[in-house]
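In: Provide a 3D model corresponding to the input given below.
(2 chains)
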Number of protein chains: 2
Amino acid sequence: MSKLKGACIFGQSGGPTSVINASAAGVIQEALKQDCITGVFGAAHGIKGILNEVIYDMSKEDPYELELLKTTPSSALGSVRYKLKKAKEDETDYLRILEVFKKYNIRYFFYNGGNDSMDTCNKISKYMQKAGYECRIMGIPKTIDNDLWGTDHCPGYGSAAKYIATSIMEIYHDAKVYDKGMITILEIMGRNAGWLTAASALASCKGYGPDLIYLPEMPFDIDSFIDNISRIYSEKGNVIVAVSEGIRDKEGTYISEYGSDLAKHKDAFGHAQLGGLAATLANIAKEKTKAKVRGIEFSLLQRCAAHMASLTDVNEAYMAGQAAVQYAVQGITDKMVAFERADQSDYKCNIKLVDLSDVANTEKKVPLEWIINNGTGVSDEFVKYALPLIQGESRPPFEDGLPRFARLKKVLAFLK
Amino acid sequence: MSKLKGACIFGQSGGPTSVINASAAGVIQEALKQDCITGVFGAAHGIKGILNEVIYDMSKEDPYELELLKTTPSSALGSVRYKLKKAKEDETDYLRILEVFKKYNIRYFFYNGGNDSMDTCNKISKYMQKAGYECRIMGIPKTIDNDLWGTDHCPGYGSAAKYIATSIMEIYHDAKVYDKGMITILEIMGRNAGWLTAASALASCKGYGPDLIYLPEMPFDIDSFIDNISRIYSEKGNVIVAVSEGIRDKEGTYISEYGSDLAKHKDAFGHAQLGGLAATLANIAKEKTKAKVRGIEFSLLQRCAAHMASLTDVNEAYMAGQAAVQYAVQGITDKMVAFERADQSDYKCNIKLVDLSDVANTEKKVPLEWIINNGTGVSDEFVKYALPLIQGESRPPFEDGLPRFARLKKVLAFLK
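Out: Sure, this is the predicted structure:
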């Protein structure tokens, strides 16, 4: 079989992670090696870079800097949140993409992102097929939320989980340092899926974990929360709570939208919450227990702390990018690279392929049977699942005591 | 000269740091080596452990665990915020301390903390002298705030500075990932001294620093802040601001106490600010620029992130503890161990001694001549000062992908 000859383009999409650039390194380094790939392009800000024709020639980059992508956080080419309309409804974007693909002879399209990005891949692929333009389209998974369907886990999750578990172990030491008690409330990302919040249980394995863990998979009851913290506070004099940003009550209202006034569950602050969920819960906890309370939001740090990444995650993210190129060259298209765990006692991650259309709009949540203690903890099954994903320490080289991140030249492709 | 024979006791006080336990290791390991020191005790929760006679026998600890103290954050023996009254006004605590010292034959007292702890040392020392009880009393500095008088810098500062600069470099990558702009406001500890907030300028050296840096040494003007962020946002489409938790306006009002209502500088939220300064400023910035704004508080993480400590800081903290013991054994008392920078081109830190009474109630702030750009940046002199302090990477050993911290047995001293 003669291989499809042409250029490839790579784009990054959605919220960044600590390892999305490791997948970029995998794609770019592998593509540069393939004879049938005649040009290796990078799109600035994902699909928008194609639409606006801001396209970089990745072959112009220094190989050392490409190597450094493995330990550089966030999306080096820039990211985007842009949802393509259905081609039936509005063909404009698709016509433009086809035009750019033809102009640069792009025959391979690699897109690195979450659910929405797989939807984008899928739509473009279907359109190209209809237009009779031969193009191999592969999705590469990425999300700290770990909520992609069809894969054992997602690149980005392990590093975020490792950062969160490590930071909680450290906060545990700090928060319990005085003989006077304190209640600490930790807000963790993951709007609909509690995988990252559950990672706080990894700190518990070492004896330095939260007392209570609340995932968005279960309805959150504020009265039961108050009962729990009050009880633990009076027993132990200290409480640490890990809570997902996305917890909602039975009626589906986000707790982050609650005011401090419990009677009404509204206002006082209800009109525009300043400090997010951690602050809201801290305020409620303070009002009810009169204890010293501190709310801590991990915020962006949990998804960009490349200085504390999981080496397993970095390696797998790289492998996912590399595999996407190799499969595409072999003739595969319309698939997302996914992971499956080898059926053996020691952990091993194998590549498999799943249909883009299956991944596009499904979310994978934490199995309800892994949520225990009336929705305040996770089981050993979760720990067994997550622990292999945080193994090994990855960090950038340090220069002058600070990380040395990749510096790309971003040379515009000459054809513009 | 015959050496003073007797036991020593060590205590930790005030807000913890990433390296206060490295000083503990220095004291304990050195004291265990000294023939004239007949017992090595640790006080639970600083001075309170002496008052309440909760005293551990440190010779019962496993040497491996003592070694791990060098990379274990927070205060392993527990900390305290307790201000001794003047002996003239109330002698109770002093009589009790003397009683405990006599009971355990404590002839050496090492206290690790900030301004207040040096005040405690000083008061106890003066009292013991008056009571005719021979006891060598040495202070060991500690504070992430770097605000202790009489020392070039403080153990704890370098690690917090390194964590902050590294995290800002990572956040910089994340916050600029979309083509749509964002304003990011970073709240950093240091109520009266801006040393830690200034450390954000270390990230600037690498090209990934904040656009604006506001220290508490200068009055903060909200209108000028809004002008600055609006201007930079319209020029660059992105703004990163590092701000000290302690900034105040001309009238001395903490900005964290401002409401979101600029006209009145009060209320709407003014009655009880939920999210602290970052949230307050984020809200104000959002209202004025209509941009996407994110407030991030480094919170406890900046003082307990042992996984990203400065090796220089860890080594110096250890050396400070060790030196305190060595000097006391040589007959020195009533001093705080301090650092001075050797007068040579490459950085070297020497030990010197300063009077406890001089350190007790003085705060060292960032020199005003180092604050530039109308109070929105710091000069190269600051960078030259701070950069050597963050050199070298220290972190705990990792087991199962997570840090392995010291586990002390905390065996109560037998005499109780």
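
In: Next up, the contacts around the closest residue in space to A:Gly237 that isn't next to it in sequence.
Out: Among residues not flanking A:Gly237 along the chain, A:Gly181 sits closest, at 3.7 Å (C-beta to C-beta, 6 or more residues apart in numbering or on different chains). The C-beta positions use only the backbone N, C-alpha and C, and glycine is treated the same way. Applying C-beta atoms under 8 Å, 6 or more residues apart in numbering or on different chains to A:Gly181 gives the contacts A:233, A:236-239, A:291-292.

In: do A:Gln34 as well
Out: Here A:Gln34 is in contact with A:325, A:329 (criterion: C-beta under 8 Å, 6+ apart).

In: what's the spacing between it and A:Lys103?
Out: 21 Å (C-beta to C-beta, to the nearest Å).

In: which residues touch the worst-scoring helix or strand of chain A on mean pLDDT?
Out: Every helix and strand of chain A was ranked by mean pLDDT, DSSP states H and E. The lowest is helix A:356-360, at a mean of 88. Applying C-beta under 8 Å, 6+ apart, the contact partners of helix A:356-360 are A:115, A:118-119, A:121-122, A:125, A:137, A:139, A:141, A:148-150, A:334-336, A:338.

In: Next, the buried residues of it.
Out: Within helix A:356-360, the residues that count as buried by 16 or more other C-beta atoms under 10 Å in any protein chain shown are A:356-357, A:359-360.

In: does any part of stretch A:199-212 sit near chain B?
Out: Yes - using C-beta under 8 Å from any C-beta of the partner chain, stretch A:199-212 comes into contact with chain B via A:202-203, A:205-206, A:208.

In: Pull out the buried residues from that stretch.
Out: A:199-206, A:208-212.

In: For A:Ala360, see how far away A:Leu84 is.
Out: A:Leu84 is 11 Å from A:Ala360, by C-beta to C-beta.

In: residues bridging contact with these two, i.e. touching both?
Out: Listed as contacting both A:Leu84 and A:Ala360 by C-beta under 8 Å, 6+ apart are A:Asp119.

In: Tell me who's in contact with A:Asn350.
Out: A:339-342.

In: For the closest residue to A:Phe298 other than its chain neighbours, list each beta-bridge partner.
Out: The shortest distance from A:Phe298 to any non-neighbouring residue, by C-beta to C-beta, 6+ apart, is to A:Ile188 (5.8 Å). Following DSSP bridges, A:Ile188 is listed with bridge partners A:Ser244.

In: where does A:Ile188 land on pLDDT?
Out: A:Ile188 is assigned 97 on the pLDDT scale.

In: What of A:Phe269?
Out: A:Phe269 is assigned a pLDDT of 35 by the prediction.

In: Check the one 4 residues further on too.
Out: Confidence at A:Gln273, expressed as pLDDT, is 42.

In: Return the set of residues that bridge with A:Ile140.
Out: A:Asn112.

In: That one is in contact with A:Met336, isn't it?
Out: Yes - here A:Ile140 reaches A:Met336: they are 7.2 Å apart, a contact under C-beta atoms under 8 Å.

In: Sketch out the low-pLDDT regions of chain A for me.
Out: Where chain A drops to pLDDT under 70, the residues are A:1, A:259-275, A:415-416.

In: what about the helices in it?
Out: A:20-33, A:47-51, A:63-68, A:92-103, A:115-131, A:157-175, A:195-198, A:200-205, A:222-236, A:276-289, A:301-304, A:311-329, A:356-360, A:380-386 (DSSP state H).

In: Among the ones you listed, which comes closest to A:Phe405?
Out: Ranking the helices of chain A by proximity to A:Phe405 (C-beta to C-beta) places helix A:63-68 first, at 6.5 Å.

In: How far away from the center of its chain is that closest one?
Out: Here the centre of helix A:63-68 is set off from its chain's centre by 23 Å, with C-alpha atoms, centre = their mean, to the nearest Å.

In: Buried ones in that helix, by neighbour count?
Out: So helix A:63-68, judged by 16+ other C-beta under 10 Å, has buried residues A:65-66, A:68.

In: so which of the residues you listed are also by chain B?
Out: Answer for those near chain B: none qualify (C-beta under 8 Å from any C-beta).

In: Which single one of those is nearest to A:Asp227?
Out: Minimum distance to A:Asp227 across the buried residues of helix A:63-68 is 50.3 Å, recorded for A:Leu68 (C-beta to C-beta).

In: residue furthest from the geometric center of chain A?
Out: In chain A, counting by C-alpha atoms, centre = their mean, A:Asp179 sits farthest out from the average C-alpha position, at 37.9 Å.

In: Pop the domain breakdown of chain A in here.
Out: A:6-155+A:306-362+A:391-403, A:159-304 (automatic domain parsing).

In: okay if I get those domains as a markdown table plus distance to B:Asn350?
Out: Putting these into a markdown table (distance: least, C-beta to C-beta, whole Å) gives the following:
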| stretch | distance to B:Asn350 |
| --- | --- |
| domain A:6-155+A:306-362+A:391-403 | 20 |
| domain A:159-304 | 31 |
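
In: Of these, which is nearest B:Ile229?
Out: Of these, nearest to B:Ile229 by C-beta to C-beta is domain A:159-304, at 17.4 Å.

In: Look at A:Tyr214 and say how many residues are nearby.
Out: If you count neighbours by other C-beta atoms under 10 Å in any protein chain shown, A:Tyr214 ends up with 27.

In: contacting residues around it?
Out: Counted by C-beta under 8 Å, 6+ apart, A:Tyr214 has contacts A:197, A:220, A:225, A:241-244, A:247, A:375-376.

In: Quickly note the distance from it to A:Lys176.
Out: 20 Å.

In: follow-up on the earlier one: which pair in the buried residues of helix A:356-360 spans the largest distance?
Out: Top of the distance list for these (C-beta to C-beta): A:Ser357 and A:Val359, 7.5 Å.

In: what's the closest non-adjacent residue to A:Ser200?
Out: A:Ala242 (3.7 Å).

In: And A:Phe382, by the same measure?
Out: Using C-beta to C-beta, 6+ apart, the closest residue to A:Phe382 is A:Trp370 (4.7 Å).

In: can you count the residues close to that neighbour?
Out: Other residues close to A:Trp370 by other C-beta under 10 Å number 21.

In: Could I get the contacting residues of it?
Out: A:Trp370 touches A:198, A:378-379, A:381-382, counting by C-beta under 8 Å, 6+ apart.

In: mind listing what the closest residue in space to A:Glu187 that isn't next to it in sequence touches?
Out: Leaving aside its sequence neighbours, A:Glu187 sits nearest to A:Ala278 (C-beta to C-beta, 6+ apart; 3.7 Å). Contacts for A:Ala278 (C-beta under 8 Å, 6+ apart) come out as A:185-187, A:243, A:295-297.
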